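K.L.:
Kindly return the folded structure for what I paste below:
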Amino acid sequence: MTTRRNFIKKTSLATGALTFGVASGLSAKSYGRVLGANDRVQVGIVGFSNRCKGSLIPAFLNHNKNLNFEFVGVSDIWNRRREEGAAYLKEKTGDKMKVWRNNEEMYEDNKIDAVIISTADFQHALHTVQAANAKKDAYVEKPFAETMDDARVGKKAVEESGIVFQIGSQRRSGTNYHAANQFIKSGKFGDIVMVEMSWNVNQPGRWRLPQLTKEIRESDTDWKRYLMNRPYEAWDPRKYLEYRLFWPYSSGIPGQWMSHQIDTVHWFSGYDHPRSVAANGGIYLWKDGRKNYDTMTSVFDYGDEAGENGFQVVYSSRFTNSAGGTKEIYYSNGGELNLQTNKVSANGGLSAGQANRMGLSENKLDEYNLSDIEVEVVTSANTGVDNMTSNHMLNWMECVRSRAKTNGPIEAGYNHSIANIMTTAALRTGLKATFDKETQNVLAGGQVFKY
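P.N.:
So this is what the prediction gives:
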């Protein structure tokens, strides 16, 4: 029988398919901690990243005392990060932290009940597999996966293990987003006919860490573990620290930013994924060796399989000029729902003059402020850090206790991954991307998209 140590080693170092064993891969020691209703939930950090330090840990510390949770240690393959993580957590909690050189050590030690995973984009689904096979509940940063192979294996592991899983799409715990979802699903908005989304910044240093790339050495970390199932290549500190700029370690804009926004389309509309995606972009300004684009636009077609109902989504993003900022606007024939102003308005709705010419009735939405719509977010408080991240962490912690389904279940992470991967396929091949529901593969020009 495969031992859990061997399983975790395989998932960490694999160069091809991942090995499963959600039941058989667990040693008897893994069942040593049976969590009671009043037991303290012990949590380990997988990857002490800037996101983890700046948002996830503070969000957790907003609620851990009330819910009887505690941090017990940090797993990170870079010696500097794990020591910094342990020191930071001791400063915040007063407790000495354990440090693990890798996840294999952490799960073998079996001192934890749950993990917060905040590692490189391409590792999220693979690290979820490790958590699921060790029967540890998991809060996992987005994007869930950058390839369909990883997405499928991650989803299967979560479903077979029964762990409480939360994808870090914090909009799903935002009261304004719940109000928007409720308003659209009530029928008052009308059919969605178009969605416009953007995320624009002017930040030359975005995702660049020039000082750290000078300081890190291959001997400080575990490069083979880092690569997991990606093709082997020689040590490159930029691909370790600035991975968001390099495919296949990250898709860049789709995985980092679009995943948040496109997830709301799935949530509000009920469609799991686009019917097709066309996209293009380029490295137009920041010619610093990156492989992922600094500017891109994608066009999504959503709707039913018969092709009779649906709508279009246009998503654009650039690093080169911040005008326009972030935008999320849903349109119906009667007006718009704007998630930046949090208002529903008749803007662009069908006027009486235009309607009368065609024998139709005027269609104008009533004015609504989303903050005035009473909604119940599946969590018990609205406090802390930025409310959405704090609420999202709280929701996960409460669900670890109750074993209920989280606001961001595995289906949400899987589905935003499909949309991201379709976008990446269209960007990298120049072909229209589609999705094969039978094989659960993304196709570009009718061929399965891999790398």
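K.L.:
What is the burial count for L126?
P.N.:
24 (other Cβ atoms under 10 Å). Every residue, glycine included, has its C-beta placed from N, CA and C.
K.L.:
I meant to write A323 there.
P.N.:
For A323, the count of nearby residues is 8 (other Cβ under 10 Å).
K.L.:
Tell me the spacing between the residue most central in space within the chain and D121.
P.N.:
In the chain, the C-alpha nearest the mean C-alpha coordinate belongs to K142, at 1.8 Å (Cα atoms, centre = their mean). For K142, the distance to D121 equals 9 Å [Cβ to Cβ, to the nearest Å].
K.L.:
Give the residues shared as contacts by these two.
P.N.:
Common contacts of K142 and D121, defined by Cβ atoms under 8 Å, 6 or more residues apart in numbering, comprise G255.
K.L.:
returning to that earlier point: show the contacting residues for the residue nearest to the centre of the chain.
P.N.:
By Cβ under 8 Å, 6+ apart, K142 lies in contact with 124, 167-169, 255, 259-260, 263, 413, 416.
K.L.:
Present the residues you listed as TSV; the columns should include pLDDT, secondary structure and neighbour count.
P.N.:
Output for those, formatted as TSV (pLDDT from 0 to 100; DSSP: H, G, I helix; E, B strand; the rest coil; neighbours: other Cβ atoms under 10 Å):
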residue	pLDDT	secondary structure	neighbour count
H124	98	helix	29
I167	98	strand	32
G168	97	coil	26
S169	97	coil	28
G255	96	helix	27
S259	97	helix	24
H260	95	helix	20
D263	98	helix	25
G413	98	helix	29
H416	98	helix	32
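K.L.:
between the residues you listed, which is nearest N181?
P.N.:
Among these, D263 lies closest to N181 (Cβ to Cβ), at 11.4 Å.
K.L.:
And for the helix or strand where E83 lies, what's in contact with it?
P.N.:
Assigned by DSSP states H and E, E83 falls within helix 79-93. Residues outside helix 79-93 that contact it (Cβ under 8 Å, 6+ apart): 45, 47-49, 52-53, 57, 61, 70-71, 73-76, 95-101, 216, 220-221.
K.L.:
what do you get if the cut-off is 10 Å, keeping everything else the same?
P.N.:
Helix 79-93 has contacts (Cβ atoms under 10 Å, 6 or more residues apart in numbering) with 45, 47-49, 52-53, 57-58, 60-61, 64, 70-76, 78, 95-102, 212, 215-217, 219-222.
K.L.:
For S371, which non-adjacent residue is spatially closest?
P.N.:
Nearest residue to S371, sequence neighbours excluded (Cβ to Cβ, 6 or more residues apart in numbering): N342, at 5.7 Å.
K.L.:
How many residues are close by that neighbour?
P.N.:
Residues near N342, counting by other Cβ under 10 Å: 19.
K.L.:
OK, contacts around it?
P.N.:
Taking Cβ under 10 Å, 6+ apart as the test, what N342 contacts is 174-177, 179-180, 368-373.
K.L.:
now do 6 Å
P.N.:
Applying Cβ atoms under 6 Å, 6 or more residues apart in numbering to N342 gives the contacts 176, 370-371.
K.L.:
same deal with V193?
P.N.:
So V193 contacts 311, 331-332 (Cβ under 6 Å, 6+ apart).
K.L.:
Strands - which of the contacts of helix 79-93 land there?
P.N.:
Of the contacts of helix 79-93, the ones assigned to strands by DSSP state E are 45, 70-75, 98-100.
K.L.:
so which of those comes closest to F449?
P.N.:
The nearest member of the ones in strands among the contacts of helix 79-93 to F449, counting by Cβ to Cβ, is S75 at 31.6 Å.
K.L.:
number of nearby residues for the closest one?
P.N.:
For S75, the neighbour count with other Cβ under 10 Å is 29.
K.L.:
Could you double-check that it sits in contact with N103?
P.N.:
Yes. When contacts are counted by Cβ atoms under 6 Å, S75 is listed as touching N103 (5.2 Å).
K.L.:
For the residue sitting furthest away from the middle of the chain, give its distance to L350.
P.N.:
For the chain, the residue at maximal distance from the C-alpha centroid (Cα atoms, centre = their mean) is R357, at 46.7 Å. For R357, the distance to L350 equals 11 Å [Cβ to Cβ].
K.L.:
now do S317
P.N.:
Counting by Cβ to Cβ, the gap from S317 to L350 is 31 Å.
K.L.:
And whatever helix or strand V277 lives in, what does it pack against?
P.N.:
Using DSSP H and E, V277 falls within strand 276-282. On a contact count with 3 or more Cβ pairs under 6 Å, 6 or more residues apart in numbering; DSSP states H and E, strand 276-282 meets strand 295-303, helix 410-429.
K.L.:
still on that earlier bit, please report phi then psi for the residue farthest from the centre of the chain.
P.N.:
phi -60, psi -30 (degrees, to the nearest 10).
K.L.:
Looking at neighbours, which among the contacts of N342 is most surrounded?
P.N.:
L370 leads these on contacts (other Cβ under 10 Å) with 22 neighbours.
K.L.:
how about that residue, what does it touch?
P.N.:
Taking Cβ under 6 Å, 6+ apart, we find L370 in contact with 176, 179-180, 342.
K.L.:
any idea of the pLDDT on it?
P.N.:
Looking at L370, its pLDDT stands at 91.
K.L.:
again with the one 5 residues further on
P.N.:
According to the predicted model, the pLDDT of V375 comes to 71.
K.L.:
Kindly report the same for E305.
P.N.:
85.
K.L.:
Run a quick neighbour tally on it.
P.N.:
Neighbourhood size, E305 [other Cβ under 10 Å]: 7.
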